[in-house]
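# Predicted model and sequence below, questions to follow.
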Amino acid sequence: MKALFLREHQVLSLEDTPEPRLINTTDVIVRVTASSICGSDIHFWKGHFPSIPNFILGHEFVGVISETGKDVEAFRVGERVAVPAGPFCGICPNCAAGKVYNCLAVQGMFGAGKAKGNLPGAQSHYVRVPHADACLAKIPDTVSDREALLVGDVLSTGYFAVENGSPPPGARVAVFGAGPVGLCAVACAQLFSPVQLFLIDIEDYRLQHGRKLGATHLLNPNRVNVIKEIKGLTDGNGVELTIDAAGIPQTLNQCITCTTPGGTISVVGIGTPASEFPMMKFMFKNLTMRGGLVPLTQMKRLLTLIEAKRLDVSSLITHTVKLDNIIEGYHLFANKEDNCVKVMVVP
Ligand SMILES: [Zn+2]
Ligand SMILES: [Zn+2]
């Protein structure tokens with residue numbers, strides 16, 4: 001089969017490699033019918049995230065089960081499944097406590113190399129998925145690969161970002177960062193019926209995607225003073241929930257400034273340095289800050305919402321490339337060429 005490797009010196013290399021085989025009796029082999037290129041893949045490629053090279057990239061994908069281990073009970077060959085970016089066993093003490101992002105049996109994710117689980121990734125034709133019964137989700141017949149593709153990573157993360165703030169109906173929400181995660185947060189925020197939903201980004205084309213997904217106010221910091229705008233439109237008080245999906249130093253400070261006293265800041269963007277943290281503001285406004293890695297246990301709920309046409313982020317997939325041309329897809333996505341938001345990779 002073909003697979004995209006990250007080699008030494010940040011080289012992407014599409015190569016022939018043997019197909020994966022079952023190792024444990026609870027494994028399945030998934031034939032990848034669609035994968036995506038995620039921001040984290042770009043970080044691995046560019047060396048922003050530390051990794052030990054020589055591994056197959058890719059952790060956001062859907063496919064068809066082509067082989068099952070003898071102890072797999074819930075899935076059969078031929079079934080379509082969504083796979084979480086980081087698999088989990090479901091039975092270790094951390095999984096039992098709902099902390100599946102810290103599964104003691106896996107400790108990692110697909111396509112991240114030896115430093116993080118050593119699970120070959122999905123930018124390939126086949127993937128071995130461990131602990132299939134615990135972590136896979138069946139894709140309903142009426143849901144396409146395209147509609148289901150983001151459920152195992154950025155859509156779950158967007159949902160988690162909103163859920164962390166538990167906004168009551170009628171709340172005001174601001175999402176900083178209109179990348180795929182921020183845009184998924186906008187779509188998921190709709191499920192909580194906000195009256196105002198601000199979206200902040202310097203890329204106008206990404207803001208326009210947000211408008212289609214339900215953002216009520218689009219703010220480009222290159223043109224407006226974001227804090228002033230948000231305060232002006234919220235009686236000077238700010239919003240009940242801010243979501244930091246940007247992961248740049250300026251954002252966290254802005255989130256804290258425009259969150260109403262007693263409100264919540266939900267952090268899902270990675271990379272905000274602690275030195276920027278405005279402790280006094282945080283203290284004197286009695287704020288709550290939550291964040292972290294998404295527990296990928298909501299895939300079935302999200303697929304149910306997609307099936308019922310209550311949630312649809314497939315418009316974020318702006319480009320499709322064949323696996324043979326995946327490196328072009330990396331350049332397209334990394335450089336935001338041709339107004340790219342998300343690239344789907346097909347065999
Ligand atoms: Zn990702
Ligand atoms: Zn576990």
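Good, I have the coordinates. Ligands and ions are numbered 1, 2, ... in the order given.
# Not counting its neighbours along the chain, what's nearest the closest residue to ligand 1 within the chain?
Closest contact between the chain and ligand 1, by C-beta to the ion, is at residue 38 (3.1 Å). The way it works is simple: take the backbone N, C-alpha and C, and place the C-beta from them, glycine included. Spatial nearest neighbour of residue 38, excluding adjacent residues (C-beta to C-beta, 6 or more residues apart in numbering): residue 60 at 5.1 Å.
# How about residue 114?
For residue 114, ignoring the flanking residues on the chain, the nearest one in space by C-beta to C-beta, 6+ apart is residue 52 at 4.5 Å.
# Residue 297 versus whichever residue of the stretch 101-250 of the chain sits closest to ligand 2, what's the distance?
Here the stretch 101-250 of the chain gets closest to ligand 2 at one residue, residue 103, 3.2 Å apart by C-beta to the ion. Going from residue 103 to residue 297 by C-beta to C-beta, to the nearest Å gives 11 Å.
# So for these two, which residue has more residues nearby?
Each of residue 103 and residue 297 has its neighbours counted (other C-beta atoms under 10 Å); residue 103 has more, 25 against 20.
# Skip the chain neighbours and tell me the closest residue to the more buried one.
Distances taken as C-beta to C-beta, 6+ apart put residue 88 closest to residue 103, at 3.9 Å, once the chain neighbours are dropped.
# The one you found is in contact with residue 98, isn't it?
No: with contact defined as C-beta atoms under 8 Å, residue 88 does not reach residue 98; the gap is 10.4 Å.
# Which of the two has more residues huddled nearby?
A direct count of neighbours by other C-beta under 10 Å for residue 88 and residue 98 places residue 88 higher, at 25 against 9.
# what's the pLDDT at that one?
Residue 88 carries a pLDDT value of 97.
# ok, for residue 49, nearest residue in space, not its chain neighbours?
Nearest non-adjacent residue to residue 49, counting by C-beta to C-beta, 6+ apart: residue 43, 4.2 Å away.
# you'd agree that neighbour is in a helix?
Yes: counting by DSSP: H, G, I helix; E, B strand; the rest coil, residue 43 falls inside a helix.
# Tell me, how many residues neighbour it?
16.
# quick one: it from residue 57, how far?
Distance from residue 43 to residue 57, by C-beta to C-beta: 11 Å.
# does residue 33 count as helix, strand or coil?
Secondary structure for residue 33, judged by three-state DSSP, is strand.
# Tell me the predicted confidence for it.
The model's pLDDT for residue 33 equals 98.
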